[in-house]
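[1] Below is the sequence, then the predicted model.
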Amino acid sequence: MKVQPATPGAKRLLYGGDYNPEQWLHAPDILQEDLRLMKLAHINVVTVGVFAWASLEPQQDHFTFDWLDRVLDGLEKNGQKVILATPSGAKPNWLALKYPEVRRCTADGTREPQQGRHNHCMTSPVYRSRVALINAKLAERYARHPALILWHISNEFGGYCYCPLCMAAFRQWLEARYQSVENMNQAFWSKFWSHAFGSFDEVTVIDKSIHGLELAWKRFMTEQVMSFIEVEKAPLKKFTPHLPVTTNFMGLYDAYDYPQMAQTLDVVSWDSYPHWHDGACEWRTACQTAFTHDIYRCMKPDRAWLLMESTPSNTNWAPISRPKRPGVLRLSGLQAIAHGSDSVLYFQFRKSRGSYEKFHGAVVDHVGHEHTRVFKEAAALGAELGELGVVLGGGTSSQVALLYDWPNAWAIAQAAGPRNMDKDYAATCLAHYEPFWLSGIAVDVIESTRDFSGYKLMVAPMLYMLRPGVAERMQAFVAAGGTLVVTYMSGIADENDLCFLGGWPGPLKDLLGIWVQEQDILGDHQKQSVVPVVGNPLALPAVSQARQYCDVVELQGAEALALYGADFYAGKPAVTRRRTGKGTAYYVASRNDDAFTLALYSHLIKDLALPRAIPGELPPGVTAQRRSAESGEFIFVMNFNEVAVEVPLATAQYRNVLTNRRVKGALPLAGFDAAVLQAV
Ligand code: GAL
């Protein structure tokens, strides 16, 4: 699959990270030393200017760009490109104090004091115009600077403001969307508890019992952030139409609908901070990271994404954060490249001396020299990535799609019942992703609004909310020969979170050939058993355990492949299959153990002949991901175990691109080791 590089004309993978020279302007010797250290670490790009507003405009309309001129020129001469950030992620004191409207209000209307960061009002005309002005100054000044390759808009947009300006904009948004108060009341089902609105002016967002309203608020806030980004973009695009823009996302953060927000950006990027070594299984941490990488890879499938931040060592904000063990900096960097990133970037290059992040991992520690384990590992990875430019322009082609929807996550989270603990939407998606990851099979993690054609298998875990048209497109997918797996907690509500009438799983009932009559919700220590029907085609394990969610299913055209073993619904279907058109639709009625999920997908992998990056089984905790570029196919084989493994390679012969050695028969990998193979 041909994929455009994240930054135009890129010849090298980007390697570097956040750099805050404004914190060191009093120490020119340190800034000079930074240039030497960057070269030594093979760093070819740094992100400058995030949170630098107070240094760029210390007083209103008094701009001080001379230091940035020097920094950019110095970097350019030293061989580093620059990702230039707009400074809106943190507001300077003069602005926050002179114009209170730029500070957010909490839900009860209280104006926040000036503090922290990422807390400006997205609606404030003053903030918007000040941001537009400073962005214009930056863009005009550096439009032709040879170091500049990408705009980094603000930083990690997040949170909500409930000030009068935001509330007025929300009410206008509601009016435009619903046209009349009656329509809005209907969509919000607000006669419930007598909350019907008499006019748009009555709307507040304090009341969490009106689920349609909560969804509307999140959709509005998504659009408000997008329109704020448009304000930021306008001067950048005016002076530098040739440069792409991005902003950094935060994994599965869900205050806004990220895939929708991505539409305002040229390039998608995200900040990845897995909790390595915290006692959980290391490869599961890796699998979770891969899942999120795949979400970002698929948000803009025709353009490479960027790993915008990661820590070279530890973070400082997790309850505990252990330094990355030897090898993990390299392994996690290569993992991002394997999943389609064009970069490995860190937060941060040099550790700040004071304030909140003085203990956050950095390439250069307070000691100030290169003789640290972290620096050496970072430099070694930089050298290796220098050899990997060949993967640029390369993408992943996948025959498996797994659906993950932000509005679905919102709706599941806000629902009171049928289960109020361990709802685990993301974790469930991950459980259904894991068997593919362990088999080295690429998975596109996409929204339900995306095109389904071209996939052989589509997995829809807990798709509670069916947005308009999704059921029809699933129907067409199966009719055309696709295999669909849907689980419990699917097809329950529409995009306003109004439950479908006529039985669950709503518009998917016919396609799946079932009706979910009721749901059993199990307590922590309660289990149900799932017993395969004799001769069932899925080769399920003898008996597996279900927990937490068990749908009581009636067959309406489907056949049962496994039955419940206990309770009043013993003998009722736990897994069903309906063959229809040229395809097949499965329903998995309960939350099952890993052995069940592995068996289910192992069967489908075989049955559908889904291609593995490397033929044959991989050792547990090892994955292989393929990135196809013009210069060939590159297979990243990664061992997320602390201990060494041998990866069987069947009869194929490969060259390890990183060592330029031939590999045959088996690939030995040390603990936390990786290789990049190309078939010869
Ligand atoms: C990110 C943020 C950075 C830095 C980093 C620390 O979320 O964008 O500015 O704070 O976390 O882990």
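    Cool, the structure landed.
[2] Around the ligand, pick out the residues from the stretch 351-500 of the chain.
    Glu357, His360 (Cβ under 6 Å from any ligand atom). (Each C-beta comes from the backbone N, C-alpha and C, glycine too.)
[3] go with 8 Å
    Within the stretch 351-500 of the chain, the positions lying close to the ligand (Cβ under 8 Å from any ligand atom) are Tyr356, Glu357, His360.
[4] What's the PyMOL syntax to select whichever of the residues you listed are buried?
    Only the buried entries of those go into this PyMOL selection, using 16 or more other Cβ atoms under 10 Å:
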select buried, resi 357+360
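[5] The residue lying closest to Gln399 once chain neighbours are set aside - how many residues pack around it?
    Leaving aside its sequence neighbours, Gln399 sits nearest to Lys456 (Cβ to Cβ, 6 or more residues apart in numbering; 4.3 Å). Burial of Lys456 is recorded as 18 neighbouring residues (other Cβ atoms under 10 Å).
[6] ranges for the helices of the stretch 201-350 of the chain?
    Counting by DSSP state H, counting those that start in this stretch, one finds helices in the stretch 201-350 of the chain at the ranges 211-239, 258-261, 282-299, 328-338.
[7] which secondary structure elements does the last one contact?
    Other helices and strands packing on helix 328-338, by 3 or more Cβ pairs under 8 Å, 6 or more residues apart in numbering; DSSP states H and E, are helix 282-299, strand 343-346, helix 373-386, strand 622-629, strand 632-639, strand 674-679.
[8] Deepest in the core, which of these is it.
    Most buried of the helices and strands packed on helix 328-338 by mean neighbour count (mean count of other Cβ atoms under 10 Å) is strand 343-346; its value is a mean of 28.
[9] now what about that strand, what contacts it?
    Defining contact as Cβ atoms under 8 Å, 6 or more residues apart in numbering, one finds that strand 343-346 is touched by 6, 13-18, 45, 47, 269, 306-312, 333, 336-337, 362-363, 378, 381, 385.
[10] The ligand contacts on the stretch 51-200 of the chain?
    Counting by Cβ under 8 Å from any ligand atom, the stretch 51-200 of the chain sits next to the ligand at Phe51, Gly89, Arg117, Asn155, Glu156.
[11] Could you rerun that using 5 Å?
    Glu156 (Cβ under 5 Å from any ligand atom).
[12] Could you pull out the helices in the stretch 51-200 of the chain for me?
    Using DSSP H, counting those that start in this stretch, helices in the stretch 51-200 of the chain cover 53-56, 66-78, 93-98, 125-142, 164-178, 181-188.
[13] Tell me which of those helices sits nearest to Ala644.
    Ala644 sits nearest to helix 66-78 of all the helices of the stretch 51-200 of the chain, at 38.7 Å, using Cβ to Cβ.
[14] From the contact counts, what lies against that closest one?
    helix 28-40, strand 45-48, strand 81-85, helix 125-142.
[15] from the middle of its chain, how far away would the helix or strand of the chain with the lowest mean pLDDT be?
    Of all helical and strand segments in the chain, the minimum by mean pLDDT, DSSP states H and E falls on strand 645-656, at a mean of 92. Centroid separation for strand 645-656 versus its chain: 31 Å, with Cα atoms, centre = their mean, to the nearest Å.
[16] Paired strands for it, with orientation please.
    Partners of strand 645-656 in the sheet, by DSSP bridges, are strand 661-669 (antiparallel), strand 674-679 (antiparallel).
[17] Now render those strands as JSON lines, adding distance to Val531 and mean pLDDT.
    Shown next, in JSON lines, are the strands paired with strand 645-656 (distance: least, Cβ to Cβ, whole Å; pLDDT from 0 to 100):
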{"stretch": "strand 661-669", "distance to Val531": "39", "mean pLDDT": "95"}
{"stretch": "strand 674-679", "distance to Val531": "41", "mean pLDDT": "96"}
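[18] Of all those strands, which one comes closest to Asn641?
    Among the strands paired with strand 645-656, the nearest to Asn641 by Cβ to Cβ is strand 661-669 (8.8 Å).
[19] what inclination does the closest one have with respect to strand 632-639?
    30 degrees (axes from the mean of the first three to the mean of the last three Cα atoms, to 10 degrees).
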